[in-house]
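> fold the following and give me the result.
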Amino acid sequence: MAPKRTKRKSPSPDPQGMFAGMTVFLIEDGVQSLRLQIWKQKLVQMGAKVETQLSEKVSHVFAISSDALFHHVDDDRLARFKGYSPPDLNKGITEIFGKLVNIYRALGDDRRSFKVESADQVKDLPGIGKSMQDHIQEIVTTGKLSKLEQFETDEKVKTITLFGEVWGIGPATALKLYEKGHRTLDDLKNEDSLTNAQVIGLKYFDDIKTRIPRHEAQEMELVLQKVAEDIIPGMVVVCGGSYRRGKASCGDLDIVITHPDGKSHKGFLQNYVKRLKEMKLLREDLIFSTHSEEGTDSGVDTYFGLCTYPGRELRHRIDFKVYPRDIYAFGLIAWTGNDVLNRRLRLLAESKGYRLDDTGLFPATHGSGGKRGSRGTASLKLETEKEVFDFLGFPWLEPYERNL
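Okay, the predicted model is just below:
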């Protein structure tokens, strides 16, 4: 006899959740019953109250389409909702659902999206004209888009893309170089407008694109840790990026540094770079900025340059970021990655009213006209990566689990 299945308890409502204080009315037209049930559960779990009738208590109305909304709610009643204005009738709805979408994406929950298998599925959506339908159908049928392939084989696009792969050359500069008549990397060697960093990026273009085997990255990390310890005992030196995520090779070395006492990191980077140059481990400088002693730019010191593995001349990219201890966890998360995870964490933070970057988690200010405001001046005090994950409500991932 099979054992009885125990009924899973629903998570308790969170009075401090991101929807705390909201009273929501859900318009059920066009929504599948299971999906409707999920929406209600999520809203309640995140602190909202769900009303069964559209009353004066309701602060937000959810509907799957404008037709469903206008069928149940007239303009006069809509006008009293914050964020509603006739030119953008769905703003109040899309902003709330946008927050839900951001959370679902951040948590890796893709069940609420659907696979497009035919252009007929989207042909009635606003903005989907005949040309867009044809593009969608071509992708669904062939897995390709001829228009994109034409761009990819276009000389101008290929050249601008190539120039953009040179360290320090962005899209705007790449376009200007193309318009000057340059077509190859050799052409750029005679271009007087390139900065010193761009010249270095061009000179070592092939070297920089060569990946670093994991065992070499590990040996480099050990050397960097020993040199740091010799200069100031107790310095914490961690190689982040794809190396920390357990990859077999990495494109560059992202070195994140701090000191537990919260003060010995100040001025450290200048001495560190000097010692590593004497050892001929660091070779060419790209960016060098220090703020720890002045207390500017969150007190973060930065060095970007080229390094060589002992006994070789092949150049690799290396970055140093030295953080004060109280914001080190944010720097370690950002420089470990990957980009997908960092984007999910930023979206999740934004949905909760915060701005996340490598220097902290800041309460977001409210911008004018519904635009996103700037970040606050003081970061929350979170000591470890796990504390950051926990505060955002994101499942903890070990570094090797962050290859999303």
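
> got a list of what residue 204 touches?
Neighbour list for residue 204: 284, 306, 315 [criterion: C-beta atoms under 8 Å, 6 or more residues apart in numbering]. Any C-beta I mention is one placed from the backbone N, CA and C, and that applies to glycine too.

> report the central residue of the chain.
Nearest to the centroid of the C-alpha atoms of the chain, with distances taken as C-alpha atoms, centre = their mean, sits residue 343, at 2.3 Å.

> quick check: phi and psi at it.
Listed backbone geometry of residue 343 is phi -70, psi -40, with angles given as degrees, to the nearest 10.

> where are the low-confidence patches of the stretch 1-150 of the chain?
By pLDDT under 70, the weakly predicted segments of the stretch 1-150 of the chain are 1-21, 66-67, 70, 74-114, 126.

> all strands of it, in order?
23-26, 49-51, 60-62 (DSSP state E, counting those that start in this stretch).

> from these, which stretch is densest packed?
Counting by mean count of other C-beta atoms under 10 Å, strand 60-62 has the highest mean neighbour count of the strands of the stretch 1-150 of the chain, with a mean of 21.

> and the gap between residue 388 and residue 349?
Taking C-beta to C-beta, to the nearest Å as the criterion, residue 388 is separated from residue 349 by 9 Å.

> so what sits against both of those two?
Shared contacts of residue 388 and residue 349 (C-beta under 8 Å, 6+ apart): residue 361.

> ok, the closest residue to residue 227 other than its chain neighbours - contacts?
What sits nearest to residue 227 in space, not counting adjacent residues and going by C-beta to C-beta, 6 or more residues apart in numbering, is residue 275, at 5.7 Å. Contacts for residue 275 were tallied using C-beta under 8 Å, 6+ apart; they are 227, 230-231.

> at 10 Å what do you get?
Remark: with contacts taken as C-beta atoms under 10 Å, 6 or more residues apart in numbering, residue 275 is in contact with 227-228, 230-231, 281-282.

> buried stuff in the strand or helix carrying it?
In this assignment (DSSP states H and E), residue 275 forms part of helix 268-278. Neighbour-count burial for helix 268-278 flags 268-269, 272-273, 276 (criterion: 16 or more other C-beta atoms under 10 Å).

> try stretch 36-49
Within stretch 36-49, the residues scored as buried using 16+ other C-beta under 10 Å are 36, 39, 42-44, 46-49.

> inside helices: which ones of these?
Secondary-structure check on the buried residues of stretch 36-49 using DSSP state H: residues within helices are 36, 39, 42-44.

> ok, those vs residue 250, which is closest?
Closest approach to residue 250 among these (C-beta to C-beta): residue 42, at 38.1 Å.

> and the gap between that closest one and residue 304?
Counting by C-beta to C-beta, the gap between residue 42 and residue 304 amounts to 42 Å.

> now do residue 271
Here the criterion is C-beta to C-beta. By it, residue 271 lies 18 Å from residue 304.

> cool, and residue 135?
If you measure residue 135 against residue 304 using C-beta to C-beta, the figure is 39 Å.

> now, among the ones in helices among the buried residues of stretch 36-49, which is nearest to residue 211?
Nearest to residue 211 among these is residue 42, at 42.0 Å by C-beta to C-beta.

> give me the beta-bridge partners of residue 321?
For residue 321, the beta-bridge partners under DSSP bridges are residue 256, residue 302.

> what's near enough to touch it?
Residues counted as contacts of residue 321 (C-beta under 10 Å, 6+ apart) are 240, 254-258, 269, 300-304, 328, 331-332, 334-335, 358-359.

> run the last query once more with 6 Å
256, 302, 331 (C-beta atoms under 6 Å, 6 or more residues apart in numbering).

> closest one to residue 68 out of the contacts of residue 204, please.
Each of these was checked against residue 68 using C-beta to C-beta; the closest is residue 306, at 58.5 Å.

> quick one: that closest one is in a strand?
Yes - inclusion of residue 306 in a strand is indicated when DSSP: H, G, I helix; E, B strand; the rest coil is applied.

> tell me the spacing between it and residue 316.
Separation of residue 306 from residue 316 (C-beta to C-beta) stands at 7 Å.

> ok, now residue 139?
Between residue 139 and residue 316 the distance, using C-beta to C-beta, works out to 38 Å.

> and the two? which has more neighbours close in?
Between residue 139 and residue 316, counting by other C-beta atoms under 10 Å, residue 316 is the more crowded of the two (24 against 15).

> which SSE is immediately downstream of the helix or strand harbouring the more buried one?
Counting by DSSP H and E, the element that carries residue 316 is strand 315-322. On the C-terminal side of strand 315-322, the closest following helix or strand by DSSP H and E is helix 328-336.

> pull the residues that contact that next one.
Contacts of helix 328-336 with the rest of the structure, by C-beta under 6 Å, 6+ apart, involve 240, 244, 254, 256, 258, 321, 323, 358, 360, 382, 384-385, 388, 399.

> adding secondary structure and pLDDT, write these out as TSV.
Below are the contacts of helix 328-336 laid out as TSV (DSSP: H, G, I helix; E, B strand; the rest coil; pLDDT from 0 to 100):
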residue	secondary structure	pLDDT
240	coil	96
244	helix	96
254	strand	96
256	strand	97
258	strand	96
321	strand	96
323	coil	96
358	coil	93
360	strand	93
382	coil	94
384	coil	96
385	helix	96
388	helix	96
399	helix	94
